[in-house]
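Q: Sequence plus the predicted model coming up.
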Amino acid sequence: MPVAEIEAPRSIRRSPFVRRNLGLIAFGRFVSITGDSICYFSLIWFILESGGTAVQVSLLVACHILPSVFFGPVAGVIADRFDRKSLLIVSDLLCATVIAGLALLLRLDGLTMRAMFAGSTLLALTASLHHPASSALLPDLVPADFLAKANSLETSVSHIAKIVGVTAAGLAYGILGLMGILLVGAGSFLVSAVSQSMLVERWNGSVGFRPAGSSGFSLPGILREMREAFAYLRGEKQLYALLWFLVALGMLTVPTIEVVFPLIFGRVFRTPLAELSYAQGALSLGFAFGSLVCSRLAHTKRPGNRVSMNILFASVTLFLFVIPIWPESGFLPKVGQKVGAYYLLSFAAGAFTAMGLIPANVMFQSRVRSDMMGRVFGLIGSLSNAAIGIGLVMAGWLTDRVPAHFFLLMVSGIMILLSIWMRFSGSLGLSRNGGGKPKANPAGNRI
């Protein structure tokens, strides 16, 4: 019987096993994401400070995402066939090695643009092991009725770590330099690997994390299991519709945050790095706040409605980003006022997005069969990253040719239309089947 389907009493949910494992996961993610955010943010600013273009920034981000498009499904198969805890440890160790390698190249004056692209590619390949293994492992760490709160905790910790990371990047870049920041990043992944190695037992007391039937590993088997995962998702109509909506959402929003926002602060507002880092911190703080709110509203009979409405609110908030930079509007004439407005809007956008994405993640974790969990999340990550990579290339090309306010207007308009369609379209079915008792699929999982 899959762990995710077991309803645990309150005493079990508060047991030392649940609290210990969640604490280790949260600590590991906080440390690694803080270090990774510092490194990633500093590399982007290093490119811009060195006279780089929006296309080069887009290429760096794309190199960090696109490799997982091809390796993501394979990583999902690996997560279903090998020890998931070990995969988390290996992923952290490999990320530490890659970042240390970038630091060595910088020391030897060999950190060229190509070297940064190659480093981002290697980080993408190693990090792509982490997502499906971590997402598939979480139902083994907590009972099914605690998944929403566990996801909220993980999301809160992740975005608090990003707040610390981007804020520290703005302050540490001028103190430690890129070399010191890279060393801190490598060390953070080593600490994370140690914390993940201390995971011992599942919440229900069973020992070990090796999924059933994890023997054997071959290319034909990988391809077969990837096809099985896609066929499985196509059979789950609500999840299949939700998948493609989230893919489209990532394609539109991530390039806006990663490419357009740095250009707005650097070339429209003409502010130092610290101002951009504070805006990124406000976005992450909003995510953390939204996660905490979601944890208090976790049990809902209409999770699809919660997803669609909060993403719609986030889309409207993105539209409001256009107003402070609209040319000759006369609204908020001072740069400080425009920057302050971006802080507030970033917080709101992060909060609404978190309150939409967390219920979506819980829907996948609670309805997907345990033996399919790793492959499904690997496939989701692969499709999402493919769309994000395309969006990054398009954003880099467009922002060198059209004004930033026009880009934001176009993206927010598309998102609003998609969110309204998702909310009211009967074909998506997300506003339906939200209540009632869970049904059981042939594998016995609660759906």
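A: Happy to help now that I have it. Small disclaimer: the values here were computed from a predicted structure and weren't measured. Numbers count the residues shown, from 1 in each chain.
Q: got the buried residues for the helix or strand containing residue 390?
A: Under the criterion of DSSP states H and E, residue 390 resides in helix 373-399. Under the neighbour-count criterion of 16 or more other Cβ atoms under 10 Å, helix 373-399 has 373-396, 398-399 buried. C-betas here are computed from N, CA, C, even on glycine.
Q: residues in contact with residue 62?
A: Each residue near residue 62 by Cβ atoms under 8 Å, 6 or more residues apart in numbering is listed here: 389, 392-393.
Q: for these, which one is nearest residue 50?
A: Nearest to residue 50 among the contacts of residue 62, counting by Cβ to Cβ, is residue 392 at 19.5 Å.
Q: Residue 60 is in contact with that closest one, correct?
A: No: the pair residue 392 / residue 60 is not scored as a contact, 9.3 Å apart, by Cβ atoms under 8 Å.
Q: Where does residue 345 fall, secondary structure wise?
A: Going by DSSP H and E, residue 345 is part of helix 335-367.
Q: per-residue confidence for residue 315?
A: For residue 315, the model assigns a pLDDT of 92.
Q: before we move on, which element is the nearest residue to it once chain neighbours are set aside in?
A: Leaving aside its sequence neighbours, residue 315 sits nearest to residue 415 (Cβ to Cβ, 6 or more residues apart in numbering; 3.7 Å). If you go by DSSP H and E, residue 415 is part of helix 404-424.
Q: cool, residue 110 as well?
A: Here residue 110 is assigned to no helix or strand, by DSSP H and E.
Q: what's the spacing between it and residue 76?
A: Applying Cβ to Cβ, to the nearest Å, the value for residue 110 to residue 76 is 35 Å.
Q: Looking at those two, which one has more neighbours?
A: The residue with more neighbours, out of residue 110 and residue 76, is residue 76; 32 against 11, by other Cβ atoms under 10 Å.
Q: Run through the chain and note the low-pLDDT ranges.
A: Along the chain, segments meeting pLDDT under 70 span 1-18, 142, 144-146, 199-219, 273, 298-303, 329, 426-447.
Q: And the strands in it?
A: Assigned by DSSP state E, the strands in the chain number zero.
Q: What's the separation between residue 220 and residue 382?
A: Shown here: residue 220 relative to residue 382, a distance of 19 Å by Cβ to Cβ.
Q: now residue 99
A: Residue 99 is 23 Å from residue 382, where distance means Cβ to Cβ.
Q: same thing with residue 147?
A: Applying Cβ to Cβ, the value for residue 147 to residue 382 is 23 Å.
Q: same thing with residue 175?
A: 38 Å.
Q: and the nearest residue to residue 32 once chain neighbours are set aside, what does it touch?
A: Nearest residue to residue 32, sequence neighbours excluded (Cβ to Cβ, 6+ apart): residue 192, at 3.8 Å. By Cβ under 8 Å, 6+ apart, the contact list for residue 192 reads 28-29, 31-32, 92.
Q: swap in residue 415?
A: The contact partners of residue 415, taken as Cβ under 8 Å, 6+ apart, are 249, 252-253, 311, 314-315, 318.
Q: Then residue 396?
A: Counted by Cβ under 8 Å, 6+ apart, residue 396 has contacts 53-55, 57-59, 255, 259.
Q: got it, and residue 179?
A: Residues near residue 179 by Cβ under 8 Å, 6+ apart: 103, 106-107.
Q: out of the residues you listed, which is most surrounded?
A: Neighbour-wise, the contacts of residue 179 (other Cβ under 10 Å) top out at residue 103, 21 neighbours.
Q: For residue 182, see how far away that residue is.
A: For residue 103 relative to residue 182 (Cβ to Cβ), the value is 4 Å.
Q: Residue 232 now?
A: The gap separating residue 232 from residue 182 is 41 Å, by Cβ to Cβ.
Q: picking that back up, so which elements touch the helix holding residue 345?
A: Counting contacts by 3 or more Cβ pairs under 8 Å, 6 or more residues apart in numbering; DSSP states H and E, helix 335-367 is packed against helix 130-141, helix 147-172, helix 237-255, helix 273-296, helix 303-320, helix 322-325, helix 373-399.
Q: Please produce TSV containing those, extended by distance to residue 81.
A: Listed next are these as TSV, based on distance: least, Cβ to Cβ, whole Å:
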stretch	distance to residue 81
helix 130-141	11
helix 147-172	23
helix 237-255	22
helix 273-296	31
helix 303-320	30
helix 322-325	47
helix 373-399	8
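Q: And the contacts of residue 62, which is closest to residue 133?
A: If you rank those by distance to residue 133 using Cβ to Cβ, residue 389 comes first, at 21.8 Å.
Q: so that closest one touches residue 69, yeah?
A: Yes: with contacts counted by Cβ under 8 Å, residue 389 reaches residue 69, the gap being 6.3 Å.
Q: Next one: residue 372 from residue 53, what distance?
A: 42 Å.
Q: between those two, which one's more packed in?
A: Set residue 372 next to residue 53 and count neighbours by other Cβ under 10 Å: residue 372 wins out with 21 against 14.
Q: Now that one. Nearest residue, chain neighbours left out?
A: In space, residue 372 is closest to residue 232, 5.5 Å off (Cβ to Cβ, 6+ apart).
Q: The one you found - how many residues pack around it?
A: As a measure of burial, residue 232 has 19 neighbours, counting by other Cβ under 10 Å.
Q: quick one: the residue nearest to residue 360 when sequence neighbours are not counted and residue 159, what's the gap?
A: Nearest non-adjacent residue to residue 360, counting by Cβ to Cβ, 6+ apart: residue 307, 4.9 Å away. Distance, residue 307 to residue 159, using Cβ to Cβ: 18 Å.
Q: Contacts only, for residue 56.
A: If a contact means Cβ under 8 Å, 6+ apart, then residue 56 has 47, 113 as its contacts.
Q: just residue 154 next, same as before
A: By Cβ under 8 Å, 6+ apart, residue 154 lies in contact with 25-26, 29, 138.
Q: cutoff 6 Å now
A: By Cβ atoms under 6 Å, 6 or more residues apart in numbering, the contact set of residue 154 is empty.
Q: what do you get for residue 411?
A: Here residue 411 is in contact with 252, 256 (criterion: Cβ under 6 Å, 6+ apart).
Q: Over to residue 193?
A: Residues in contact with residue 193, defined by Cβ under 6 Å, 6+ apart, are 89, 92-93.
Q: Among those, name the ones in helices.
A: Among the contacts of residue 193, the residues falling in helices (DSSP state H) are 89, 92-93.
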